[in-house]
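In: Sequence first, predicted coordinates after that:
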Amino acid sequence: VTVYLVGAGPGDPDLLTVRATRLLARADVVVTDRLVDPRVLRLVAPGALVVDVGKRAGATDPAAAQARISAQLVEHGARGVTVVRLKGGDPFVFGRGAEELDALRSAGIDVEIVPGLTSALALPALAGVPVTERGVASSVVVATGHDVDGAVRAVLAAPRDATVVLLMAVANRGAIAARLLDAGRAPSTPVAVIERGASSQERRIPTTLEQLGDAEIESPAVLIVGPVAARLEAHDQKEVAPSQDRAVATVA
Ligand SMILES: C[S@@+](CC[C@H](N)C(=O)[O-])C[C@H]1O[C@@H](n2cnc3c(N)ncnc32)[C@H](O)[C@@H]1O
């Protein structure tokens, strides 16, 4: 295998898989996204090349940008060195992992997929929110809020008692909430927002469908809609690991 499509998890390097950690330590080239936590990049070996191909929000042509990223991966992969393509969360959850996989495979490059903890499920859990709960929420739907119609359709198609987790929904939160209220969803429906989850700047915002449009939220954030959202815990319960003495690599 020459290219590894690796999930970087939601932020905190403690939430990486063992496989991801090992691959970061031995990669020759790491191609990373804007969403990846800088602490994760400290696990890359000194001397390895780290390339940031993060697409900025509002980039003029996202398809062209994606094609350039795939071309870069093919180029590095064809050199036969160990390439880690690092993506926030899980590479196959709204991560365009499939497109990169196809581009690499059609160029004859071996690829291995290393799943990561997706923000959609890990951030609620870290904040005390069970996305399913017996008698409360019997299923969970993960949808993008990038497009209002699509998000509304996904929510309305889900069972009434489903928990809905929306990614990329910050900009459209007011429009989505308004449409769901119009469709008869209760204004008091709990919504939990986790902004910059699993980082030192994490913010947890409890709100409701009615208040969502007015809540101050910055991207990146996950929105959890449904009764389980009422369980959002205000404080991080995580034990802080003792500080690590071992020197970590600087990033090229
Ligand atoms: C392009 S999607 C990629 C999702 C990623 N592949 C995953 O599995 O988490 C980006 C969206 O994921 C969510 N997200 C990812 N990491 C996050 C974090 N640390 N805190 C809050 N939201 C996050 C946000 O909704 C963001 O807009």
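Out: Good, I have the coordinates.
In: who touches stretch 181-195?
Out: Contact with stretch 181-195 is made by 123-124, 126-127, 129, 152, 155-156, 177, 180, 201-212, 215, 217-232, as judged by C-beta atoms under 8 Å, 6 or more residues apart in numbering. Bear in mind the C-beta positions are built from the backbone N, C-alpha and C, glycine included.
In: buried subset of the residues you listed?
Out: Neighbour-count burial within the contacts of stretch 181-195 applies to 123-124, 126-127, 129, 152, 155, 177, 180, 202, 204-210, 212, 215, 217, 220-226, 228-232; the criterion is 16 or more other C-beta atoms under 10 Å.
In: partners of the residue in the chain positioned nearest to the ligand in the sheet?
Out: The minimum distance from the chain to the ligand, using C-beta to the nearest ligand atom, falls at G89 (1.9 Å). With DSSP bridges applied, G89 shows beta-bridge pairing to G9.
In: Could you pull up the residues touching it?
Out: G7, A8, G9, P10, L35, G95, G116, L117, T118, S119, A120, A122.
In: Residues of this structure that sit close to the ligand?
Out: Applying C-beta under 6 Å from any ligand atom, one finds that the chain approaches the ligand through 10-11, 35, 87-90, 93-95, 118-120, 123, 167-168, 194, 196-198, 219-222.
In: Show me just the buried residues among those residues.
Out: 10-11, 35, 87-90, 93-95, 118-120, 123, 167-168, 194, 196-198, 220-222.
In: Which of the contacts of stretch 181-195 fall within strands?
Out: R203, R204, I205, P206, T207, T208, A221, V222, L223, I224, V225 (DSSP state E).
In: Backbone dihedrals for V29, please?
Out: Per-residue torsions, V29: phi -130, psi 130 (degrees, to the nearest 10).
In: repeat for A192
Out: Torsion angles, degrees, to the nearest 10, at A192: phi -110, psi 130.
In: Quick one, grab the pLDDT at it.
Out: Per-residue pLDDT puts A192 at 98.
In: what sits opposite it in the beta ladder?
Out: P206, I224.
In: my guess is I205 meets E218, correct?
Out: No. I205 lies out of contact with E218 (C-beta atoms under 8 Å); the separation is 10.2 Å.
In: Among the contacts of G89, show me the least confident.
Out: L35 (85).
In: What residues does the closest residue to it other than its chain neighbours make contact with?
Out: Of all residues not flanking L35 in the chain, G88 sits nearest, at 3.2 Å (C-beta to C-beta, 6 or more residues apart in numbering). Listed by C-beta under 8 Å, 6+ apart, the contact set of G88 reads G7, A8, G9, P10, D33, L35, V36, G95, G116, S119.
In: Where does pLDDT dip in the stretch 151-252 of the chain?
Out: 236-252 (pLDDT under 70).
In: Tell me where the chain has helices.
Out: 18-26, 38-41, 62-78, 97-106, 119-126, 148-157, 173-182 (DSSP state H).
In: how about those helices, which one is nearest G47?
Out: Closest of these to G47 is helix 18-26, at 11.2 Å (criterion: C-beta to C-beta).
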